[in-house]
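S.K.: here is a sequence with its predicted model. Questions after.
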Amino acid sequence: MSYIGRFAPSPTGPLHAGSLVAALASYLDARAHQGRWLIRIEDIDETRTVVGADDDIIHTLSALGMQSDEKIIWQSQRKSHYEAAFIELGNMVYPCACSRKEIADSRIGLSPDGAAIYPGTCRAGLPAGRTARSWRIRVPNSDESNNVIEFNDRWQGLVRESLSDSVGDFVLRRADGFWAYQLAVVVDDADQEITHVVRGADLLESTARQIYLQRLLNKNIPQYLHVPVMTNERGEKLSKQTGAEALDISQPVRLLIAAANALGLTINPSEVNSVQTFFDAAVPAWARRFRQ
């Protein structure tokens with residue numbers, strides 16, 4: 001099987017140290033497997049997209065020695081593909097009238113990623129006088145064998161999740177009309193024939209939902225590797241929302257070595273004096289740990 005990996009940033013601002021760690025991990029894994037590495041711009045949530053951020057991300061990655069091996073795609077240009085998958089799911093999908101507040105007030109609990117667990121209010125049909133806000137996919141009941149999704153993560157180990165207990169029926173089309181990330185990423189990974197997904201551990205909780213959709217849509221299931229996320233001094237995930245600063249690409253080697261260190265790789269700075277010599281050292285270092 002030929003290896004195809006990807007880095008799929010959202011263009012909500014410039015790359016920061018946390019996103020560089022995820023990008024570097026995915027790039028090193030592809031190169032360690034003599035595979036292809038793709039860039040995909042995940043701009044399906046157009047309300048959060050910052051004009052010009054996609055070009056800035058692509059330029060920054062290139063300055064750091066990482067360029068896509070195939071033509072870059074944008075999710076905002078692929079809506080018909082998500083529509084086709086949505087239609088293919090048929091009666092597994094149903095309309096939902098519930099607002100976020102109504103779901104939160106149900107007090108069923110929170111999923112591991114912090115979202116309120118859906119209580120199934122509209123599963124049997126819309127309540128009288130209500131109209132659809134979003135569209136959800138049915139997950140198996142807790143007593144059904146396919147309710148528990150299990151996979152081996154190449155960094156995190158064995159992961160098991162009960163869809164009914166942890167998330168409930170989840171959204172595929174949002175109340176604002178945009179396609180949900182969970183559907184878009186499954187369709188894109190399948191269409192790009194992605195074999196290995198390497199990304200931040202903040203997306204680990206999404207994986208069971210994506211595997212569920214992959215099975216329903218008869219798609220191949222990639223191998224997964226979720227790297228630890230970087231945090232700030234308050235222990236918060238480093239992100240644009242928590243004030244992460246844009247990368248200063250005037251010192252690319254320093255940035256790359258810091259990202260490699262965050263991934264547990266030991267790169268001797270005295271042996272690295274360029275982006276090329278960094279990758280000459282980093283790719284075999286990664287291969288010794290993760291080529292499997």
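M.R.: Perfect, I can see it now.
S.K.: rest of the way, CA atoms for contacts and neighbours
M.R.: Will do.
S.K.: so how far is the helix or strand hosting residue 255 off the chain centroid?
M.R.: Here residue 255, judged by DSSP states H and E, is contained in helix 252-262. Distance of helix 252-262 from its chain centroid, counting by Cα atoms, centre = their mean, to the nearest Å, is 22 Å.
S.K.: what does stretch 31-49 give?
M.R.: Using Cα atoms, centre = their mean, the offset of stretch 31-49 from its chain centre is 9 Å.
S.K.: show me what the helix holding residue 255 is packed up against.
M.R.: Helices and strands touching helix 252-262, as assessed by 3 or more Cα pairs under 8 Å, 6 or more residues apart in numbering; DSSP states H and E, comprise helix 17-32, helix 275-290.
S.K.: tell me which of the ones you listed sits nearest to residue 154.
M.R.: Taking Cα to Cα, helix 275-290 is the member of the helices and strands packed on helix 252-262 nearest to residue 154, at 7.6 Å.
S.K.: now tell me what touches that closest one from outside.
M.R.: Helix 275-290 is contacted by residues 28-29, 31-33, 64-65, 154, 252-253, 256-257, 260, 265-267, 271-272 when judged by Cα atoms under 8 Å, 6 or more residues apart in numbering.
S.K.: make a PyMOL selection of whichever of these turn out to be buried.
M.R.: Command for PyMOL that selects the buried part of the contacts of helix 275-290, burial taken from 16 or more other Cα atoms under 10 Å:
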select buried, resi 28+29+31+32+33+64+65+154+252+253+256+257+260+265+267+272
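S.K.: show me where the stretch 101-250 of the chain has its strands.
M.R.: Remark: strands assigned in the stretch 101-250 of the chain by DSSP state E, counting those that start in this stretch are 134-137, 148-153, 157-162, 170-173, 196-200, 223-227.
S.K.: need these in TSV with mean pLDDT and mean neighbour count, can you?
M.R.: Output for the strands of the stretch 101-250 of the chain, formatted as TSV (pLDDT from 0 to 100; neighbours: other Cα atoms under 10 Å):
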stretch	mean pLDDT	mean neighbour count
strand 134-137	97	22
strand 148-153	96	16
strand 157-162	96	14
strand 170-173	97	22
strand 196-200	98	23
strand 223-227	97	21
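S.K.: residue 46 is nearest to which of those strands?
M.R.: Nearest of the strands of the stretch 101-250 of the chain to residue 46, taken as Cα to Cα: strand 170-173 at 13.6 Å.
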